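Model the following, please.
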Amino acid sequence: MLIRSVATALAVALAVPALAQDAPADETATEAADVQTLPDIALGADDAPLTVIEYASFTCGHCANFHDQSWPKLKSEYVDTGKVKFIQRDVYFDQVGLWAGILARCGGDDKYYAVSDMLFDEQQKWLSGGNGEEIANNLRKIGLKAGMTEDQMTACWDDSAKAEQLIATFQQNATADEIEATPTFIIGGEKVMNQPWDDLKATIDSKLADGNTSDQE
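Below you'll find the model as predicted:
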């Protein structure tokens, strides 16, 4: 599957200790499956009747558009009112996306969504760097605005064990839910492809009205 091959390629490219750069692909995938995964970071009431999961990549333009156009409505109308518990699950289609994902978690769970907002709001700006060093410097500027220190960000990016966990978490979740594109949503246990807000809203309202709020956390 595409998700598995991307995760394996990322792990090999990063040369994290448990995934040797010269390991065969099948061995690398097996070792990645043995890495401890990370729990979801949820936003909203724990007892909300409906769970909405978004699979998103920080380098995905369609994800940035969803964040700009639909997310404020979803948050104000459903998350902030206690109707929906929202979970964002990061997808790493490239190494730069993984750097951004590490930064989003670098300030702790309490800052994850605030940093995520900044990454999507300024996506075109930080991705405009002409090479990896420039992009990393752009990401550092976002981290500084979020209250992180230079040393803190360096430590997060140097933490190969956490990178392993992020890749393994992405691979396990996205494979289980058969995610092939971003953004993709799991609304009350049902996979829903990206669509205009009015259509997403109709699906959410239907789930809430029918009481069909099972999820796949």
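
my guess is D90 contacts A104, does it?
Yes - D90 lies in contact with A104 (CB atoms under 8 Å); the separation is 7.2 Å. For glycine as for every other residue, the C-beta is placed from the backbone atoms N, C-alpha and C.

residue contacts, C156?
The neighbours of C156, taking CB atoms under 8 Å, 6 or more residues apart in numbering as the test, are 102-103, 105-106, 162.

farthest pair in these?
Greatest spatial distance among the contacts of C156 (CB to CB): L103 and K162, at 11.5 Å.

Please say which of those two ends up with more neighbours.
Neighbour comparison, L103 and K162: the larger count goes to L103, with 25 against 17 (by other CB atoms under 10 Å).

Let me know the secondary structure of that one.
helix (DSSP: H, G, I helix; E, B strand; the rest coil).

check contacts around the residue nearest the centre of the chain.
Nearest residue to the geometric centre of the chain (CA atoms, centre = their mean): D90, 1.5 Å. Residues near D90 by CB under 8 Å, 6+ apart: 56-58, 97, 101, 104, 166, 170.

got a markdown table for those residues, with pLDDT and distance to P39 too?
Listed next are those as a markdown table, based on pLDDT from 0 to 100; distance: CB to CB, whole Å:
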| residue | pLDDT | distance to P39 |
| --- | --- | --- |
| A56 | 97 | 17 |
| S57 | 97 | 20 |
| F58 | 97 | 19 |
| G97 | 94 | 20 |
| G101 | 97 | 15 |
| A104 | 97 | 15 |
| L166 | 96 | 12 |
| F170 | 95 | 13 |
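
which one among the residues you listed gets closest to Y78?
Comparing the contacts of D90 against Y78 with CB to CB picks out A56 as the nearest, at 17.1 Å.

for this structure, what are the low-confidence residue spans?
Along the chain, the parts satisfying pLDDT under 70 run over 1-33, 212-217.

list the buried ones in the top helix by length along it?
Counting residues, the longest helix found in the chain (DSSP state H) is helix 160-176. Neighbour counts using 16 or more other CB atoms under 10 Å place 162-174 of helix 160-176 among the buried residues.

Adding distance to A146, write these out as CSV.
Shown next, in CSV, are the buried residues of helix 160-176 (distance: CB to CB, whole Å):
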residue, distance to A146
K162, 17
A163, 20
E164, 24
Q165, 21
L166, 18
I167, 23
A168, 25
T169, 22
F170, 22
Q171, 27
Q172, 27
N173, 25
A174, 26
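
circling back: what packs against the longest helix of the chain?
If you count contacts as 3 or more CB pairs under 8 Å, 6 or more residues apart in numbering; DSSP states H and E, helix 160-176 packs onto helix 2-14, helix 25-33, strand 84-90, helix 95-106.

Extract the CA atoms of it and return them as PDB.
C-alpha atoms of helix 160-176 as PDB (Å, rounded to 0.1, in the frame of the first residue of the first chain):
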ATOM      1  CA  SER A 160      15.200  10.000  16.500                       C
ATOM      2  CA  ALA A 161      13.100   7.900  18.800                       C
ATOM      3  CA  LYS A 162      10.200  10.300  18.600                       C
ATOM      4  CA  ALA A 163      10.600  10.400  14.900                       C
ATOM      5  CA  GLU A 164      10.300   6.600  14.800                       C
ATOM      6  CA  GLN A 165       7.100   6.800  16.900                       C
ATOM      7  CA  LEU A 166       5.500   9.500  14.700                       C
ATOM      8  CA  ILE A 167       6.200   7.500  11.600                       C
ATOM      9  CA  ALA A 168       4.900   4.300  13.200                       C
ATOM     10  CA  THR A 169       1.800   6.100  14.500                       C
ATOM     11  CA  PHE A 170       1.100   7.500  11.100                       C
ATOM     12  CA  GLN A 171       1.700   4.200   9.300                       C
ATOM     13  CA  GLN A 172      -0.500   2.200  11.700                       C
ATOM     14  CA  ASN A 173      -3.500   4.600  11.700                       C
ATOM     15  CA  ALA A 174      -3.500   5.500   8.000                       C
ATOM     16  CA  THR A 175      -3.100   1.900   7.000                       C
ATOM     17  CA  ALA A 176      -5.900   0.700   9.300                       C
END
